[in-house]
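In: structure for this input, please:
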Amino acid sequence: MKYLVLIGLICAVVACQSIDDIKKPKNLIDKDKMADILYDIAMLNAGKSYSPVMMQESEIDYNEYIFKKHGIDSLQFAKSNAYYTDNLDKYLAVFTLVEDRIKAEKRKWSDTLVVEKKRRDSIQELERKARDTVNRAERVVKKIMPKENN
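Out: From the prediction side, this is the model:
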């Protein structure tokens, strides 16, 4: 019983040790650039869920592509990401930028889809009216033209 109490006490002491804050890296990615990177990662993940086979078949290392696009390396991203996650107010500000950008992009595409649907509906309506006009014309011609008797 004494050993269980001792082990429990040791576990409690070890569990209560302080955790140091992550220091700001020398090459910290600024808030706006971090938001751009996280936006690209979000779009990549959306693409993976939408078309996983195409993404796998492309043989492109998308993470490496994103790092090259933004002129960073994986270590710089990892350190900056760790710093931001340790400073939740700053990370929340970054994610707010990402969220706003995603919402704006969604609105843009939604508006585009609405316009495209209206265009398709208009074309279908014109095609229907054209068919109706042709059918009416054929009926009128049949009424006017005498039937040929063989």
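
In: mind listing the helices for the protein?
Out: 2-15, 31-50, 52-57, 62-70, 74-86, 88-144 (DSSP state H).

In: ok, which of those comes nearest residue 21?
Out: helix 74-86 (5.9 Å; CB to CB). Heads up, the C-betas are built off the backbone N, CA and C, glycines and all.

In: quick one: closest of the helices of the chain to residue 23.
Out: Nearest to residue 23, of the helices of the chain and by CB to CB, is helix 74-86 at 7.7 Å.

In: how far away from the center of its chain is the closest one?
Out: 21 Å (CA atoms, centre = their mean, to the nearest Å).

In: list of residues touching that helix?
Out: Under the contact criterion CB atoms under 8 Å, 6 or more residues apart in numbering, helix 74-86 has outside partners 21-25, 27-29, 34, 37, 63, 67, 90-91, 94.

In: by mean pLDDT, point me to the weakest helix or strand of this structure.
Out: helix 2-15 (a mean of 64; mean pLDDT, DSSP states H and E).

In: and the gap between the residue positioned nearest the centre of the chain and residue 66?
Out: The C-alpha lying nearest the average C-alpha coordinate of the chain belongs to residue 43 (CA atoms, centre = their mean; 3.6 Å). Per CB to CB, to the nearest Å, residue 43 is found 10 Å from residue 66.

In: residue 92 now?
Out: 22 Å.

In: how about residue 90?
Out: 21 Å.

In: and the two? Which one has more around it.
Out: Legend: neighbour count by other CB atoms under 10 Å for residue 90 and residue 66, higher for residue 66 (20 against 15).
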